[in-house]
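Engineer: Below: sequence and its predicted model.
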Amino acid sequence: MNELASVRPAREGDLASIDEIYNHYVLHTAITFDVEPLTPVQRREWFAGFGERGRYRLFVAEEGGGVVGYAGSRRFRDKEAYETTVETSVYVAPGLGARGIGSSLYGALMEALGEEDIHRAVAGITLPNPASLALHARFGFESVGVYDEVGRKFGRFWSVEWMQRAL
């Protein structure tokens, strides 16, 4: 496993690195269903939804002075009854998978969420993605079903496996 310099709460100064990581997946993979790269303005608005405490958190992993991944929790749905459910995600810089960065990030995120009034964490994973499915399973997520061919990107349809974990 890779030794990380640190996993810490994200700061606004991390947004350029977060953008670079995420936009790689937007442009080159179906891992996210965004089809256009996010802009710095969009990223700042997104970042404003996170806090140092509470249900909606964002962590980054640093190595060699740079951000190499991030993980966060966001509102699952807008309706109030879903308030105690969060949707989680994790992204690692291209080429740095299988080094423990995602596990370190999810470990910090799950620990922080365990202290909040959250009943369930959910994650949607574009298929195929065995590494992400395995990561989520390691953190206690269980499959609750697949939405078949619900997203279209790169001229084809993609399915999403939904997983959940009790907190």
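Structural biologist: Arrived safely, thanks for sending.

Engineer: all strands for the chain, in order.
Structural biologist: With DSSP state E as the criterion, the chain has strands at 6-9, 58-63, 66-75, 85-92, 120-126, 142-153, 156-166.

Engineer: Residues contacting the shortest one, please?
Structural biologist: It stands for strand 6-9. Among residues not part of strand 6-9, those counted as contacts by C-beta atoms under 8 Å, 6 or more residues apart in numbering are 52, 57-62, 104-105, 107-108. Using the backbone N, CA and C atoms, a C-beta is placed for each residue, glycine as well.

Engineer: so can I have a markdown table of those residues showing distance to Ile18?
Structural biologist: Below are the contacts of strand 6-9 laid out as a markdown table (distance: C-beta to C-beta, whole Å):
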| residue | distance to Ile18 |
| --- | --- |
| Glu52 | 17 |
| Arg57 | 14 |
| Leu58 | 8 |
| Phe59 | 11 |
| Val60 | 7 |
| Ala61 | 11 |
| Glu62 | 12 |
| Ser104 | 16 |
| Leu105 | 12 |
| Gly107 | 19 |
| Ala108 | 15 |
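
Engineer: Just send those back as a markdown table, with pLDDT and neighbour count too.
Structural biologist: Output for those, formatted as a markdown table (pLDDT from 0 to 100; neighbours: other C-beta atoms under 10 Å):
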| residue | pLDDT | neighbour count |
| --- | --- | --- |
| Glu52 | 90 | 9 |
| Arg57 | 97 | 22 |
| Leu58 | 98 | 24 |
| Phe59 | 98 | 25 |
| Val60 | 97 | 23 |
| Ala61 | 96 | 27 |
| Glu62 | 95 | 16 |
| Ser104 | 95 | 23 |
| Leu105 | 96 | 25 |
| Gly107 | 96 | 16 |
| Ala108 | 97 | 19 |
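
Engineer: Now do the lowest-mean-pLDDT helix or strand in the chain: distance to the chain's middle.
Structural biologist: Across the helices and strands of the chain, mean confidence by mean pLDDT, DSSP states H and E is lowest for helix 40-47: a mean of 91. Helix 40-47 sits 16 Å away from the centroid of its parent chain (C-alpha atoms, centre = their mean, to the nearest Å).
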